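In: task: produce atomic coordinates for the following.
(chains A, B, C and D)
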Protein chains: 2
Amino acid sequence: MKIQEVARRARVSTATVSRTINNPSVVDPKTAKRVWKAIEELRYYPNTQARSLVSGRSRILGLIVSDITNPFFPEVIKGFEDVAIQNGYEILVSSTNYDSGRMALCVRRMLERKVEGVAIMTSEMDDHLIDQLAHRNVPMVFLDVGVTGEGVDNVRVDYAMGINEAMEHLLSLGHRRIGFISGPLTLKSARIRRLAFLRSLRAHRIDQDKRLVEESDHTVDGGLLAMTRMLESGCAPTALLASNDLTAIGVMRAARRAGLWVPQDVSIVGFDDIRLAEFTEPPLTTVRLSRTELAERAFHALAAGLDGQRDQRRKQDLILETHLVIRETTCPVRKSDPPALRR
Amino acid sequence: MKIQEVARRARVSTATVSRTINNPSVVDPKTAKRVWKAIEELRYYPNTQARSLVSGRSRILGLIVSDITNPFFPEVIKGFEDVAIQNGYEILVSSTNYDSGRMALCVRRMLERKVEGVAIMTSEMDDHLIDQLAHRNVPMVFLDVGVTGEGVDNVRVDYAMGINEAMEHLLSLGHRRIGFISGPLTLKSARIRRLAFLRSLRAHRIDQDKRLVEESDHTVDGGLLAMTRMLESGCAPTALLASNDLTAIGVMRAARRAGLWVPQDVSIVGFDDIRLAEFTEPPLTTVRLSRTELAERAFHALAAGLDGQRDQRRKQDLILETHLVIRETTCPVRKSDPPALRR
DNA sequence: TGGGCGAATGTAATCGTTTTCACAACCGCC
DNA sequence: GGCGGTTGTGAAAACGATTACATTCGCCCA
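Out: The predicted structure follows:
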C-alpha cells in the first residue's frame, strides 16, 4: 500500500497525494476530494519511516524518567502523552532505573530514533550526555530545575511555596521539633526542597537539629529506613516533612512499627500529592504539585524550541505553584511527651 | 554523519560498512577492524529510519495498556522494556485511558510506526482493530486471556490458583460471609477471577448472597464506592476479596470510614501484590502475580511469533502461577457481631 | 496578440540505509 | 594449466515518502 497506488487510483501524481495530506492549501479542492476518496478506499496510511527520512522530522519527543515505578512519573507521562498526541507528536519514554549506564543507552536510543526534543526528569544525567544532545541540536527541557545552558530549558517549579505552607501549618499546630527526610541530594529539586525546609526553620528561629534531617531516595523503603533511623536516634520529632509522598508512606509505616499513632504521636506531611495520597490510612496531608501542568509546561517548552518561537518561550517562564493539601495526618502537638518507643 | 563517510575513511564501500555492522561473519576481520575504527572515530551510528525503511524491520514492539496510572502497569512496562532492550528492541507504550476511540488511535500509530508485534493489556479492543493488526500480519499477544484466534497469542495466568488459596485462608480463619468486588466484567481476566470466587464458594457449600458480590472498575475510587454500597446493603461481610489491590485499598478506606477496623471487623484480601501493598496500613494480604514474569512471557511470545519459531512457542504454554501472600489484613472472624455501622 | 503571472500539477532528485548480484582473487585439484 | 568453489568486496537498485523545480493552462492587460 504505497502512495503510488493511491496516486494511480486518484489519477494524479504522487506529489499531489503527498500535498493533499501535508499541505492541502495548495491543491484544488476537487482533486483533493478525489485523492481522499482513494486514500479511504485503499485504507492508505503513510509510512512514517520513509516520511521522516526525507523530511528530516520524526515527530517524536523523548521523555526520560528515573523510575516509571514511582507513581509520580506515570501521571507525568500520561499528561505528556496526552498533550503530545493532541499536537501530532509521538512519545518515546525511557526509564533509567537510576542507572547512569542505562541513561547513556537511553540518550543513544533517542538520538538513533531522531527525536525532535527530550524532556528529562532524572538525575543520572552526565554533562557529556547533555553535550551529545546539545551537539545534535536536540532541544531539551529539564523538569527538575537541573542543568542550565544554551539550548536547555527548565520548567520552573516553586517548591519552596508548598514547603513554606506546610511549615506554617505545622508551626500553627504547635510543632517545634520538626523532622525532614530529603530525596537524593544529587537531584537538584530534592536539594531545593531541603533548603526550603531549612530556611523556613531559620526564619522561625528554630535551631536545626542534625538528627532531624535525613537523606533518603524517594522510595517507600527509603522513607521507612530513614524514619526508623531518626526514631532510633533518640530524638523523635513531633512532626515530619517528607520530600515526596512515597517517602511519607514509608515514614508512616515506620511510625506504626515503632508503635506511634499518626497523627496523634507524630504529624506527617508528604510532597507531590500522588493519587494514592488520598487513600492512605489516615489520608495524607501533602503538598500538591500538578503533574498535568508540569507535563504541559514541558511539552510547550519543547514545542517552542522546535519552531524557534523565541517570543513564545517567555511565556513559559511562569512558575508552577505548589500548595498544601490538608488531610488527616497532621494535628496539634500533644502536650505530654510521646510514649516510649517500642523497640 | 552518513555511512558514506565511514566508508571513505575506512577505504571500503558502504556495503562493507553495513556488513560489518549487521553481518560481521562475511567480512574479513582485518577490514572489519578498519571499519570499526572509522566508526568509533567518527562517532557514527546508523539512521534508524533509513535502516528500517529498507530492511522492513523496525525493531519496535508495541505495548498497549489501559491506564498507565494504575501501579500494576508501570511494573509490567518496566519488565517488558528491560527484556526488550536486552534483545535489541525498542518499545512503544500507549495508554488508552479506557477510551476505545483512543484505542483505535493507538493501533493506528502502532501500524504507522511499523511495530513488529504488539502486547495488549486492555479491554477496549474491538474485533475490527484486531483484524486490522492481524491483516497486516502483526503478531499479537494478549496479557488478559482475552481474544483467541489465528496469529493471536495469550499469556496464560492461573488466576484461580491464587483465588483458591485466598479462599482457603479465609475459610480456615472461620469466615463464611465473604464478599467479592470484581473488576469491570468486560475484562475477561476480571470475569475469570469472579468466577473462581463463585466456584470456590460453591465448592465449600456456601450459599451465594448477591449483596456480597459487586462489580467495580479496578480503581481505588471504584473499590471505595463498591464497598460502601455493600456495607449499606445491610449485609456486611466478615471478609472481602478484591479483584485487584487498588480496589482493596479503596475497600480499606471505605471500611475505615464506616468505623470498621481492619482486620478485626473485616478481613481484606487484594490481588496483584503491587509494591505498595506491603506499605498500606495495615499491610495488605494479597495474591501475588509476578509482573516481571508476565512481561517476560509476553515478550517471548512475541519474539517467537517474529522468528516463526513454532516449536519454541510450545514452551510458552506454561501457565503463570499466582500465590497468596499473607500480611496483616486478615485475622480470625470475631465471634460477636461487628459493631453497628457508623453512618 | 502575446507576454507575464499565478495556480495546479507532474517529474525526478533526494533522504541513508540494506541487500542483490556480479566480479575478482585465491585456493586446491585433476 | 584450466576449472569449480570459496571468500571478500563493490556498484547499484531498492525502500516509500517529500519537495525543488519544471510544466501546463487559463486569464488579464498592455
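In: can you tell me the SS state at A:Val12?
Out: coil (DSSP: H, G, I helix; E, B strand; the rest coil).
In: thought it was touching A:Lys33?
Out: No - the criterion here is C-beta atoms under 8 Å, and A:Val12 misses it with A:Lys33 at 11.5 Å. C-betas here are computed from N, CA, C, even on glycine.
In: return the helix or strand in chain A with minimum mean pLDDT.
Out: With mean pLDDT, DSSP states H and E as the measure, the helix or strand of chain A carrying the lowest mean pLDDT is helix A:310-315 (a mean of 49).
In: what's the following helix or strand after it?
Out: strand A:323-325 (DSSP states H and E).
In: for that next one, packing partners?
Out: Judged by 3 or more C-beta pairs under 8 Å, 6 or more residues apart in numbering or on different chains; DSSP states H and E, strand A:323-325 is in contact with helix A:159-172, strand A:285-288.
In: what comes into contact with it?
Out: A:Met161, A:Gly162, A:Glu165, A:Ala166, A:His169, A:Val269, A:Asp273, A:Ala277, A:Thr285, A:Thr286, A:Val287, A:Arg288 (C-beta atoms under 8 Å, 6 or more residues apart in numbering or on different chains).
In: wait, the fourth one sits on A:Val287?
Out: I take that to be A:Ala166. Yes - A:Ala166 is in contact with A:Val287 according to C-beta under 8 Å; the separation is 5.8 Å.
In: identify the contacts common to these two.
Out: Common contacts of A:Ala166 and A:Val287, defined by C-beta under 8 Å, 6+ apart, comprise A:Val269, A:Leu324.
In: tally of neighbours for the closest residue to A:Ser200 other than its chain neighbours?
Out: Leaving aside its chain neighbours, A:Ser200 sits nearest to A:Met167 (4.2 Å; criterion: C-beta to C-beta, 6 or more residues apart in numbering or on different chains). For A:Met167, the neighbour count with other C-beta atoms under 10 Å in any protein chain shown is 25.
In: got it, and A:Ser182?
Out: Applying other C-beta under 10 Å, we find 26 residues neighbouring A:Ser182.
In: who's in contact with the residue nearest to it when sequence neighbours are not counted?
Out: Leaving aside its chain neighbours, A:Ser182 sits nearest to A:Arg194 (4.2 Å; criterion: C-beta to C-beta, 6+ apart). A:Arg194 makes contact with A:Phe180, A:Ser182, A:Leu185, A:Val213, A:Ser243, according to C-beta under 8 Å, 6+ apart.
In: how close does the third one get to A:Arg193?
Out: It refers to A:Leu185. 10 Å (C-beta to C-beta, to the nearest Å).
In: what about the two, which has more around it?
Out: Counted by other C-beta under 10 Å, A:Leu185 and A:Arg193 do not tie: A:Arg193 has more neighbours, with 25 against 12.
In: now name the helix or strand holding the more buried one.
Out: Here A:Arg193 is covered by helix A:188-203, with elements defined by DSSP H and E.
In: enumerate the residues of the stretch 1-150 of chain A near chain B.
Out: Counting by C-beta under 8 Å from any C-beta of the partner chain, the residues of the stretch 1-150 of chain A close to chain B are A:45-50, A:52-53, A:58, A:68-69, A:71, A:73-75, A:77-78, A:81, A:85, A:90, A:92-95, A:97, A:105, A:108-109, A:111-114.
In: got a quick ChimeraX command for the buried subset of those?
Out: Buried residues within the residues of the stretch 1-150 of chain A next to chain B, by 16 or more other C-beta atoms under 10 Å in any protein chain shown, are selected in ChimeraX with:
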select /A:46,47,48,49,50,52,53,58,68,69,71,73,74,75,77,78,81,85,90,92,93,94,95,97,109,111,113,114
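In: keep the residues of the stretch 1-150 of chain A next to chain B, but drop any that are not near DNA strand D.
Out: When contact is defined as C-beta under 7 Å from any atom of the strand, those meet DNA strand D at A:Pro46, A:Asn47, A:Ala50, A:Leu53.
In: for the third one, which non-adjacent residue is spatially closest?
Out: Translated: A:Ala50. B:Leu53 (5.4 Å).
In: residue contacts, that neighbour?
Out: Per C-beta under 8 Å, 6+ apart, neighbours of B:Leu53: A:Asn47, A:Gln49, A:Ala50, A:Leu53.
In: tell me where chain A has strands.
Out: A:60-65, A:90-95, A:117-121, A:140-142, A:152-154, A:178-182, A:213-215, A:239-242, A:267-272, A:285-288, A:323-325 (DSSP state E).
In: among these, which comes closest to B:Pro263?
Out: With C-beta to C-beta as the criterion, B:Pro263 lies closest to strand A:267-272 of the strands of chain A, at 23.2 Å.
In: what average pLDDT does that closest one get?
Out: What strand A:267-272 shows for mean pLDDT is 98.
In: not counting sequence-adjacent ones, nearest residue to A:Glu81?
Out: Per C-beta to C-beta, 6+ apart, closest to A:Glu81 is A:Ile91, 5.3 Å.
In: relative to A:Ala254, how far out is the residue lying closest to A:Leu240 once chain neighbours are set aside?
Out: Among residues not flanking A:Leu240 along the chain, A:Gly179 sits closest, at 4.3 Å (C-beta to C-beta, 6+ apart). As judged by C-beta to C-beta, A:Gly179 and A:Ala254 stand 11 Å apart.
In: show me the contacts for the closest residue to A:Ser189 other than its chain neighbours.
Out: Spatially, and ignoring its direct neighbours in sequence, A:Ser189 is nearest to A:Asp144 (4.7 Å; C-beta to C-beta, 6+ apart). Counting by C-beta under 8 Å, 6+ apart, A:Asp144 touches A:Ile120, A:Met121, A:Thr122, A:Ser123, A:Leu187, A:Lys188, A:Ser189.
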